[in-house]
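1. Quick one, structure for this:
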Amino acid sequence: MIFNFDNIYDVLHDYDLLNLPRFFGNPSQVEIRDLDHLIYLMNKYNGKFPLYISHNSFKGSYVNYGQVFFDFDGKHLEDGLEKALRDARSLCRKFQDYDKNISFSGQGFHVIIKVHPSFVKIDEMRGRIRAFQEKIKNELHLETIDTKVAEPKRLMRIPLSQYVWNDGTGYKAENRYCIPISED
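-> From the prediction side, this is the model:
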């Protein structure tokens, strides 16, 4: 699948992913400084390698922190996908007055809550984010939230990208995509 520039531009804009520079790639990462480079890499690697991008932009040891990333993964639980959906909805209700973006990742959900952006030191934010996620997890009884993602420049799958995984012998593409969805 080749990304349509108009289509992907709108999605990247909706997810606030156009504020560059950002980290791109998984496991090795490169710094993306302009949209043309990002679109080039997305078209070149979609369906061949996993496409990941940081959900906040950065400047060295500082992050322009404007979004909090939550990962709900139900693949290891009985009725996991239904529980992940329930947990993601519960989080969205908790933050109903905030702008947010939600994606179905194929095995769970990604929720991005938009916050007032500010430049923060990466190392100082990790503990705060983890404590915040743990508080929300306990308060809402979230079973599927992955609190290991408490990272201000956390990588996330690029919306509309094809799922690709490494089976130990090489990368394999599956016929599923990271799909933006509504809260409903």
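
2. Please count neighbours and contacts with C-alpha atoms only from this point.
-> Will do.

3. Could you report the neighbour count for the nearest residue to residue 166 once chain neighbours are set aside?
-> Counting by Cα to Cα, 6 or more residues apart in numbering, residue 166 lies nearest to residue 172, which is 6.1 Å off, once chain neighbours are set aside. Using other Cα atoms under 10 Å, residue 172 has 15 other residues around it.

4. One more: the one 4 residues further on?
-> With neighbours defined by other Cα under 10 Å, the count for residue 176 comes to 16.

5. Verify the contact between it and residue 163 for me.
-> Yes. Between residue 176 and residue 163 there is a contact under Cα atoms under 8 Å: 5.7 Å.

6. Can you check which residues contact both of those two?
-> Common contacts of residue 176 and residue 163 (Cα atoms under 8 Å, 6 or more residues apart in numbering): residue 106.

7. Could I get the buried residue list for the helix or strand hosting residue 87?
-> Assessed by DSSP states H and E, residue 87 sits inside helix 80-94. The neighbour-count check on helix 80-94 (16 or more other Cα atoms under 10 Å) flags 80, 81, 83, 84, 85, 86, 87, 88, 89, 91, 92 as buried.
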